[in-house]
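A.B. asks: Have a look; sequence and predicted model below, questions after that.
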Amino acid sequence: MSNTEVRPVELLCAPAADERAGPQVEVLSARDVPLGGPRAMTVRRTLPQRARTLIGAWCFVDHYGPDDVSRTGGMDVAPHPHTGLQTVSWLFSGEIEHRDSLGVHAFVRPGELNLMTGGHGIAHSEVSTPATTVLHGVQLWEALPGQHRHTARDFRHHIPRPVPLDGGEVRVFLGSLAGETSPVPTFTPLLGAELTLRPRATVSLSVDEGFEHGLLVDRGEVHLAGTPLRPAELGYLGPGTATLRITNTTDAAARTILLGGTPFGEQIVMWWNFLGRSHEEIVQAQEAWEHASDRFGEVRGYEGERLSAPALPNAVISPRGNPAPPPPKGTP
């Protein structure tokens with residue numbers, strides 16, 4: 001998915017301080033962002049934002065739907081570029097047609113992972129199919145570490161199996177959880193999973209203490225480590241937690257997306273659909289896309305023009321990274 005804002009914020013994202021935090025949850029609210037033209041589908045963006053720019057290597061979280069495509073027109077994102085990141089597409093309902101400059105023509109369907117590696121440069125398009133009536137899902141980005149940010153473009157598809165839990169079910173699309181490990185490789189230690197909870201159920205999950213975690217609520221109201229989270233809110237927990245306790249407080253099933261990873265120990269500059277390490281890298285990528293260089297390749301089969309890059313800002317980049325993790329509960 002593209003960041004279609006015409007004035008995207010340029011961010012220099014620093015790693016968080018290496019502190020051991022107790023189970024205090026930071027609640028991040030989403031902002032609405034239109035995706036496309038006059039009948040644009042609205043997405044809810046919880047990362048990046050001023051309060052927090054990274055959770056592990058996760059640097060971008062868009063949550064959309066349930067969206068009646070007969071009213072909004074659905075998703076139609078023309079060919080656009082990416083550098084220095086991987087994109088994760090995960091649907092709850094609907095279907096999206098994916099085309100990229102690797103020559104991949106694939107479909108994103110509920111419960112199936114599509115992971116695309118931008119690396120040095122890739123381009124792709126995303127269009128909801130005529131069979132879609134309700135479009136509902138998330139689009140996630142992961143920052144690539146410095147030694148891999150110019151890696152070759154790539155695409156992976158995986159269908160994780162549902163794993164029953166005492167109180168719910170989990171589908172692990174990246175990393176390891178509840179005895180299940182995704183076969184899809186990542187460039188930093190990461191976790192990505194869809195977690196559903198039965199009515200009034202509580203699930204306790206053993207997790208890596210070195211990870212920081214984020215829990216995005218899709219439907220229902222849940223408590224993460226005793227902190228209430230409403231739909232579209234993202235709860236953040238710093239490193240130092242070995243068990244995540246998640247409770248569905250409603251009489252209907254709840255659904256969440258659980259993200260995690262080791263704190264990302266590098267500064268990144270993120271602007272539009274590009275991730276780099278300096279303003280100069282962003283300028284080079286923007287110019288390469290606008291001049292249709294071979295860096296990004298060509299997306300074949302999309303009917304329409306590709307997206308143009310927004311104009312670069314004239315502002316000087318100032319450091320803007322994560323705050324230190326919240327202190328343990330009861331700390332004065």
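C.D. replies: That came in fine, so what should we check first?
A.B. asks: so what's the backbone phi/psi at residue 289?
C.D. replies: With angles defined as degrees, to the nearest 10, residue 289 sits at phi -70, psi -40.
A.B. asks: should've said residue 279
C.D. replies: phi -60, psi -40.
A.B. asks: just for the chain, where's the confidence low?
C.D. replies: 1-23, 36-40, 316-332 (pLDDT under 70).
A.B. asks: center of it - which residue?
C.D. replies: For the chain, the residue nearest the mean C-alpha position is residue 140 (1.8 Å; C-alpha atoms, centre = their mean).
A.B. asks: Helix or strand: which one has that one?
C.D. replies: When elements are assigned from DSSP states H and E, residue 140 belongs to strand 134-143.
A.B. asks: Which residue ranges of the stretch 51-200 of the chain form helices?
C.D. replies: Assigned by DSSP state H, counting those that start in this stretch, the stretch 51-200 of the chain shows helices spanning 69-72.
A.B. asks: mind listing what's buried in the strand holding residue 140?
C.D. replies: Under the neighbour-count criterion of 16 or more other C-beta atoms under 10 Å, strand 134-143 has 135-143 buried. Quick note: C-beta positions are derived from backbone N, CA and C, even for glycine.
A.B. asks: ok, of those, which one's closest to residue 68?
C.D. replies: residue 135 (8.4 Å; C-beta to C-beta).
A.B. asks: Was I right to think the closest one contacts residue 70?
C.D. replies: No - using C-beta atoms under 8 Å, residue 135 is not in contact with residue 70; the gap is 10.7 Å.
A.B. asks: before we move on, back to that, dump the strand holding residue 140 to PDB, restricted to CA.
C.D. replies: Output in PDB follows, covering the C-alpha atoms of strand 134-143 (Å, rounded to 0.1, in the frame of the first residue of the first chain):
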ATOM      1  CA  VAL A 134     -16.400  -5.700   2.000                       C
ATOM      2  CA  LEU A 135     -12.800  -4.800   2.200                       C
ATOM      3  CA  HIS A 136     -11.200  -5.200   5.700                       C
ATOM      4  CA  GLY A 137      -7.600  -5.700   6.700                       C
ATOM      5  CA  VAL A 138      -4.200  -4.200   7.600                       C
ATOM      6  CA  GLN A 139      -1.200  -3.000   5.800                       C
ATOM      7  CA  LEU A 140       2.100  -3.100   7.600                       C
ATOM      8  CA  TRP A 141       5.700  -2.000   6.900                       C
ATOM      9  CA  GLU A 142       9.000  -3.300   8.400                       C
ATOM     10  CA  ALA A 143      12.200  -1.200   8.200                       C
END
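A.B. asks: ok, back up a step: how close does the closest residue to the residue nearest to the centre of the chain other than its chain neighbours sit to residue 66?
C.D. replies: Excluding its sequence neighbours, the residue lying closest to residue 140 (C-beta to C-beta, 6 or more residues apart in numbering) is residue 88, at 4.1 Å. Here the criterion is C-beta to C-beta, to the nearest Å. By it, residue 88 lies 20 Å from residue 66.
A.B. asks: cool, and residue 253?
C.D. replies: Separation of residue 253 from residue 66 (C-beta to C-beta): 15 Å.
A.B. asks: swap in residue 200?
C.D. replies: The gap separating residue 200 from residue 66 is 23 Å, by C-beta to C-beta.
A.B. asks: buried ones in stretch 264-281?
C.D. replies: For stretch 264-281, a neighbour-count test (16+ other C-beta under 10 Å) marks 264, 266-276, 279, 281 as buried.
A.B. asks: Can you get me the start-to-end distance on it?
C.D. replies: 19 Å (C-alpha to C-alpha, to the nearest Å).
A.B. asks: Work out the gap between it and the centre of the chain.
C.D. replies: The chain centroid and the centroid of stretch 264-281 are separated by 16 Å, computed with C-alpha atoms, centre = their mean, to the nearest Å.
A.B. asks: Was I right to think residue 305 contacts residue 78?
C.D. replies: Yes - using C-beta under 8 Å, residue 305 makes contact with residue 78 at a distance of 6.3 Å.
A.B. asks: Those two - which one has more neighbours?
C.D. replies: With neighbours defined as other C-beta atoms under 10 Å, residue 305 and residue 78 compare such that residue 78 has more, 20 against 8.
A.B. asks: quick one: contacts for the more buried one?
C.D. replies: Residues near residue 78 by C-beta atoms under 8 Å, 6 or more residues apart in numbering: 125, 302, 304-307.
A.B. asks: what do you get if the cut-off is 10 Å, keeping everything else the same?
C.D. replies: The contact partners of residue 78, by C-beta atoms under 10 Å, 6 or more residues apart in numbering, come to 2, 4, 36, 123-127, 299, 302-308.
A.B. asks: Now the closest residue to residue 155 other than its chain neighbours: phi and psi?
C.D. replies: Take residue 155 and drop its neighbours on the chain: the residue closest to it by C-beta to C-beta, 6+ apart is residue 104, 4.6 Å away. Note on residue 104: its backbone torsions stand at phi -80, psi 130 [degrees, to the nearest 10].
A.B. asks: What distance do you get for residue 104 to residue 297?
C.D. replies: Distance from residue 104 to residue 297, by C-beta to C-beta: 11 Å.
A.B. asks: Equivalent analysis for residue 25, please.
C.D. replies: Taking C-beta to C-beta, one finds residue 25 at 42 Å from residue 297.
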